[in-house]
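Colleague: Please find the sequence and the predicted model below.
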Amino acid sequence: MSEDHISLSHGNGGRFMRELIDGLFARHLRNPSLDVQVDAARLQLDAGPLLFTTDGFTVQPLEFPGGDIGSLAVHGTSNDIAVAGGLPRYLSLNAFIEEGMEIAQLDRIIASLAAAAAELDVRVIAGDTKVVPRGQGGGLYLATTGIGIDLAPGKLGLNKIQAGDVLLVSGPVGDHGIAVMLAREQFGLRGEVRSDTASVLPFTRALIDNPGLRFMRDPTRGGLATVAHELQHATGLGIRLEQARIPVRDPVQSVCDMLGYDPLFLACEGRVVAVVSPGQAAGALAAWQSLPGGEQAARIGALVDDSPYVILETELGGERILEELEDDPLPRIC
């Protein structure tokens, strides 16, 4: 491509747009299912029940320690299928590009997206590009749709949860939120925190045959505390979380202490919260802790029928009610 930056002509349907699609997107995403000359992908799926999800991604900066908006889009969409008990197979990709974006940066991001998809054996099979005028976008927005195979039809659901069930988390929380915040350098802080953006498929596959598995969710926007509130609203049961058991990396906690954030409300992009029956929780936790990256998986609480609140049992032995998130502490995070 002869241009260095995106111009409005890259979205007008003409030669520049064709060069952008063929010379950048298709070059990275080329696979037998992707045909940039047609308006619809043709699939043959005979695997039984399917899972279908859609998502949008907006983050600043577009590239951050541990990831970028491209890998984030693949992981975020495929993780939604994984925690529903599925195996992600296909993605569509819509890119909304701001006039003036460096083509070299766009190339890096789409290469990262393609690498994340290839690692999961997920194919990008359809897509679209739009260019918006300078000042009307954040450099790049991505919208994705995912299709996957349901590996456990009817097994998982909020209606399966019972009082006494145990809450597990697959690793430390708050990494993504703090990594992105530090990358913005808004507070004059620097650190080595990396986003946890990654596929959670190894963790979901490790539990899918566990007879006590009730439900899984990835704690993205709103973090662990918001998942707890979703469980409380859906089941009517109370949630008791044990602060001493919730894994938070020291650098993440330090930044939160300095700036007044609560890591329980910060986004994660490579974690799973699972609800498991009490008799099967130890086996589920051991399965997670045996996986690469799962060494800090933990049992963090339980669902109870003696209180209709989300309660945090503090490290000092007290209790406090965790209120629902209202203001967004870190906008444009995922």
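Modeller: On my side now, so go ahead.
Colleague: what's the burial count for D305?
Modeller: Using other Cβ atoms under 10 Å, D305 has 12 other residues around it. All C-beta spots, glycine's among them, are computed from the backbone N, C-alpha and C.
Colleague: where's it relative to G164, distance?
Modeller: 8 Å (Cβ to Cβ, to the nearest Å).
Colleague: any weak-confidence spans in the chain?
Modeller: Residues of the chain meeting the criterion pLDDT under 70: 1-2, 37-39, 46-47, 186-189, 328-332.
Colleague: Show me where it has its strands.
Modeller: 50-57, 63-64, 67-68, 86-98, 123-132, 140-150, 166-169, 213-217, 238-242, 273-276, 298-304, 310-313, 319-321 (DSSP state E).
Colleague: So which of the ones you listed is nearest V193?
Modeller: strand 63-64 (9.8 Å; Cβ to Cβ).
Colleague: In contact with the residue nearest to L325 when sequence neighbours are not counted, which residues?
Modeller: Distances taken as Cβ to Cβ, 6 or more residues apart in numbering place G222 nearest to L325, at 4.9 Å, with adjacent residues excluded. G222 makes contact with 265, 267, 325, according to Cβ atoms under 8 Å, 6 or more residues apart in numbering.
Colleague: Using TSV, lay out these together with distance to L213 and neighbour count.
Modeller: Converted to TSV, those look like this (distance: Cβ to Cβ, whole Å; neighbours: other Cβ atoms under 10 Å):
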residue	distance to L213	neighbour count
F265	26	25
A267	24	29
L325	26	16
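Colleague: Pick the one among those residues closest to L62.
Modeller: Using Cβ to Cβ, these come closest to L62 at A267, 15.9 Å.
Colleague: wouldn't the closest one be in contact with T220 here?
Modeller: Yes: the pair A267 / T220 is scored as a contact, 5.3 Å apart, by Cβ atoms under 8 Å.
Colleague: what's the offset of stretch 150-158 from the middle of its chain?
Modeller: 20 Å (Cα atoms, centre = their mean, to the nearest Å).
Colleague: next one: stretch 132-149
Modeller: On Cα atoms, centre = their mean, the centre of stretch 132-149 falls 15 Å from the chain's centre.
Colleague: Quote the end-to-end distance of that stretch.
Modeller: 35 Å (Cα to Cα, to the nearest Å).
Colleague: Output the strands of the chain as JSON lines; include the columns mean neighbour count and distance to T77.
Modeller: Formatted as JSON lines, those follow (neighbours: other Cβ atoms under 10 Å; distance: least, Cβ to Cβ, whole Å):
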{"stretch": "strand 50-57", "mean neighbour count": "17", "distance to T77": "5"}
{"stretch": "strand 63-64", "mean neighbour count": "20", "distance to T77": "18"}
{"stretch": "strand 67-68", "mean neighbour count": "24", "distance to T77": "14"}
{"stretch": "strand 86-98", "mean neighbour count": "22", "distance to T77": "6"}
{"stretch": "strand 123-132", "mean neighbour count": "19", "distance to T77": "10"}
{"stretch": "strand 140-150", "mean neighbour count": "21", "distance to T77": "4"}
{"stretch": "strand 166-169", "mean neighbour count": "24", "distance to T77": "21"}
{"stretch": "strand 213-217", "mean neighbour count": "23", "distance to T77": "15"}
{"stretch": "strand 238-242", "mean neighbour count": "20", "distance to T77": "27"}
{"stretch": "strand 273-276", "mean neighbour count": "26", "distance to T77": "18"}
{"stretch": "strand 298-304", "mean neighbour count": "21", "distance to T77": "26"}
{"stretch": "strand 310-313", "mean neighbour count": "20", "distance to T77": "28"}
{"stretch": "strand 319-321", "mean neighbour count": "11", "distance to T77": "33"}
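Colleague: Got the domain ranges for this protein?
Modeller: Per automatic domain parsing, the structural domains of the chain span 8-39+46-150, 158-321.
Colleague: Right, I'll leave it there.
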